[in-house]
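K.L.:
return atomic coordinates for the entry below.
(one chain, ligands or ions: 1)
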Amino acid sequence: MNTIVTGLQWGDEGKGKIVDYLTENTDVVVRGQGGNNAGHTVIARGEKYVLHLRPSGILWDGKLNVIGNGVVLDPAGLVAEIERIEGQGVAINPEKLLISDRAHVVLPLHKELDAAREAALGDRRIGTTKRGIGPTYADKVNRNGLRVADLFDEAFTRDTIALRTADANEILRRYELSTFDAGEQFDEVMRAFDRLRPHVANTIPVLHEAWKGGRNILFEGAQGTLLDIDFGTFPFVTSSNTTSGGCCTGSGLPPTAIDRVIGVCKAYTTRVGAGPFPSVDEGLSQYLHDLGREFGATTGRPRGCGWLDAVLLRQGCMINGATGLAVTNLDGLDDYETLRICTAYEIDGVRHDLPPADRHAWDRAKPVYEELPGWMSDTTGCTRYDQLPARALDYLGRLSELCDTPIQFVGVGPDRAQTLVATK
Ligand code: IMP
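P.N.:
Purely as a prediction, here's the structure:
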């Protein structure tokens, strides 16, 4: 059984937790897009782990984790992450982690360009994580990026970094920012690469062998559908295809290898960074922040919070081909008296069941709400789906109906044990 786990909102849906839960019956966990802009917080064996680049299967023994060709890899960032997790007692070796030789490399200059461009955009900034994601994918599409395989050829790498540095410095000078030394960048990348060398492989045949051998493969999506470069709230998106199709192009496993797609969403909506968010709600944001919830794993930024938005989820289920929904953080709403679900947008007096493409139409989108009574009781101790309060089941049922997709999992707390199974 090969499964894609994909986010249906703006990232931070709790995919890491669902992936970690599913990993028990998985042999291989794959990341196919994004970079260390992603941040998963996983609580396992009572310890809290923050993961950025490595798939969450890394916390288990005997599982292979693959960073696919579609990922952009920051060598120093990955090494820091490996060292941190090794410090928490989890050894990382090539039996456990493979890196595609086709993944593109994030250079220090990409991060600086990311920050410079954001600063130049002023009020129109995207609110990126400043991890160099956009500039690295831009170099990939421009066909002048550096791939992991290239790092084995030191002379080529040195020349490429010198060329990229000259280009970047021209831009940085325009913004009156300090420029880069190509030699220092080369040294930083190669120092980190030395730790990563044994992990590099052609991961395509490895994944195909696993597939043909009947092993279970799990694709761990990063970010979410609304940050997808094609289907998200453009231009307030990330620079890769975060939807299920990106798992195939980002790994070399074809669509015919996929058996199911689990769409993960929170029981409400959150967003970090700039861009449209029709169902945002001041009161709900304050309430969740007061509970200590909804601060970003990568940047610590407080996330904006809002009501469940079925317009967005409906499209997300369509594009991803979701076969089931995993609804996380249900317990976040345990004490909220009246809940709302956005079922449509009204734009210039016209009702829309799906999100608009016109970037200016978002500013005029008024959410059409349906109200449901809250369950006003603690769900964190529930161990079975049918133990959930009747009103919580009604809320989930309505969501499932609006998205035409069955509920498969429900999360009622951060621990691995707090994941309830609705349908197998
Ligand atoms: P970038 O991916 O750093 O270029 O950022 C582009 C947009 O995606 C910004 O709005 C970020 O806040 C958002 N973003 C990137 N990664 C994540 C994530 O893992 N969770 C939530 N938002 C993210």
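
K.L.:
check whether stretch 97-115 contacts the ligand.
P.N.:
No: shown here: stretch 97-115 not in contact with the ligand (Cβ under 6 Å from any ligand atom), separated by at least 6.7 Å. Any C-beta I mention is one placed from the backbone N, CA and C, and that applies to glycine too.

K.L.:
what mean pLDDT would you report for that stretch?
P.N.:
For stretch 97-115, mean pLDDT is 97.

K.L.:
all numbers from here: first residue = 7
P.N.:
Got it, the first residue is 7 from now on, which makes the last one we talked about stretch 103-121.

K.L.:
and it, how far apart are its ends?
P.N.:
Terminal residues of stretch 103-121 are spaced 30 Å apart (Cα to Cα, to the nearest Å).

K.L.:
next: stretch 292-301.
P.N.:
Counting by Cα to Cα, you get 12 Å between the two ends of stretch 292-301.

K.L.:
how far away from the center of its chain is it?
P.N.:
Centroid displacement of stretch 292-301 relative to its chain, using Cα atoms, centre = their mean, to the nearest Å, is 21 Å.

K.L.:
output the lowest-mean-pLDDT helix or strand in the chain as PDB, nothing but the C-alphas.
P.N.:
Lowest by mean pLDDT, DSSP states H and E among the helices and strands of the chain is strand 46-50, with a mean of 73. Output in PDB follows, covering the C-alpha atoms of strand 46-50 (Å, rounded to 0.1, in the frame of the first residue of the first chain):
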ATOM      1  CA  HIS A  46       7.100  19.300  11.600                       C
ATOM      2  CA  THR A  47       6.800  18.900  15.300                       C
ATOM      3  CA  VAL A  48       6.500  15.200  16.200                       C
ATOM      4  CA  ILE A  49       6.100  13.900  19.700                       C
ATOM      5  CA  ALA A  50       7.200  10.300  20.100                       C
END
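
K.L.:
quick one: name whatever helix or strand follows that strand.
P.N.:
Using DSSP states H and E, the helix or strand that follows strand 46-50 towards the C-terminus is strand 53-57.

K.L.:
that next one: partners in the sheet, and parallel or antiparallel?
P.N.:
Strand 53-57 sits in its sheet next to strand 46-50 (antiparallel), going by DSSP bridges.

K.L.:
which parts of stretch 60-68 are buried?
P.N.:
Across stretch 60-68, burial judged by 16 or more other Cβ atoms under 10 Å covers Arg60, Pro61, Ser62, Gly63, Ile64, Leu65, Trp66.

K.L.:
Ile132 contacts Phe240, correct?
P.N.:
No: assessed by Cβ atoms under 8 Å, Ile132 is found out of contact with Phe240, at 10.2 Å.

K.L.:
the more surrounded of the two?
P.N.:
Using other Cβ atoms under 10 Å as the criterion, Ile132 and Phe240 rank with Ile132 on top: 18 against 14.

K.L.:
out of the buried residues of stretch 60-68, list just those in helices.
P.N.:
Per DSSP state H, helices hold no members of these.

K.L.:
for the nearest residue in space to Val72 that is not next to it in sequence, phi and psi?
P.N.:
Take Val72 and drop its neighbours on the chain: the residue closest to it by Cβ to Cβ, 6 or more residues apart in numbering is Val36, 4.6 Å away. Backbone torsions of Val36, given as degrees, to the nearest 10, read phi -120, psi 140.

K.L.:
find me the pLDDT at Val36, would you?
P.N.:
96.

K.L.:
isn't it right up against Ser257?
P.N.:
Yes: in this structure Val36 lies within contact range of Ser257 using Cβ under 8 Å: 5.2 Å.

K.L.:
which one's more surrounded, these two?
P.N.:
Taking other Cβ under 10 Å, Val36 and Ser257 do not tie; Val36 has more neighbours (30 against 25).

K.L.:
name the nearest residue to the residue of the stretch 257-406 of the chain found nearest the ligand, ignoring sequence neighbours.
P.N.:
For the stretch 257-406 of the chain and the ligand, the shortest gap (Cβ to the nearest ligand atom) falls at Gly279, measuring 2.3 Å. Leaving aside its sequence neighbours, Gly279 sits nearest to Gly133 (Cβ to Cβ, 6+ apart; 3.1 Å).

K.L.:
state the helix or strand in which the one you found lies.
P.N.:
Per DSSP H and E, Gly133 falls between elements, in no helix or strand.

K.L.:
contacts only, for it.
P.N.:
Each residue near Gly133 by Cβ atoms under 8 Å, 6 or more residues apart in numbering is listed here: Glu124, Phe242, Val278, Gly279, Ala280, Gly281.

K.L.:
and those, which are buried?
P.N.:
Glu124, Phe242, Val278, Gly279, Ala280, Gly281.

K.L.:
lowest-confidence one in those?
P.N.:
Gly279 (81).

K.L.:
backbone dihedrals for it, please?
P.N.:
Taking degrees, to the nearest 10 as the convention, Gly279 sits at phi 80, psi 180.

K.L.:
pretty sure it is touching Phe242, no?
P.N.:
Yes: using Cβ under 8 Å, Gly279 makes contact with Phe242 at a distance of 6.6 Å.

K.L.:
between these two, what contacts are shared?
P.N.:
The contact lists of Gly279 and Phe242 share Ile132, Gly133, where a contact means Cβ under 8 Å, 6+ apart.

K.L.:
list every C-alpha atom in stretch 12-32, with coordinates, as PDB.
P.N.:
Written as PDB, here are the backbone C-alpha positions of stretch 12-32 (Å, rounded to 0.1, in the frame of the first residue of the first chain):
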ATOM      1  CA  THR A  12      -0.800  15.800   1.800                       C
ATOM      2  CA  GLY A  13      -1.700  19.100   3.500                       C
ATOM      3  CA  LEU A  14      -5.100  20.600   2.500                       C
ATOM      4  CA  GLN A  15      -4.600  24.100   3.900                       C
ATOM      5  CA  TRP A  16      -1.600  26.500   4.200                       C
ATOM      6  CA  GLY A  17       0.800  24.000   5.800                       C
ATOM      7  CA  ASP A  18       1.100  23.200   9.500                       C
ATOM      8  CA  GLU A  19      -1.900  20.800   9.400                       C
ATOM      9  CA  GLY A  20      -0.100  18.300  11.500                       C
ATOM     10  CA  LYS A  21       1.000  16.100   8.700                       C
ATOM     11  CA  GLY A  22       4.100  15.000  10.600                       C
ATOM     12  CA  LYS A  23       2.000  13.400  13.300                       C
ATOM     13  CA  ILE A  24      -0.200  11.500  10.800                       C
ATOM     14  CA  VAL A  25       2.900  10.400   8.900                       C
ATOM     15  CA  ASP A  26       4.500   9.300  12.100                       C
ATOM     16  CA  TYR A  27       1.400   7.400  13.000                       C
ATOM     17  CA  LEU A  28       1.200   5.600   9.600                       C
ATOM     18  CA  THR A  29       5.000   4.900   9.600                       C
ATOM     19  CA  GLU A  30       4.500   1.900  11.900                       C
ATOM     20  CA  ASN A  31       3.300  -0.100   8.800                       C
ATOM     21  CA  THR A  32       5.600   1.600   6.400                       C
END
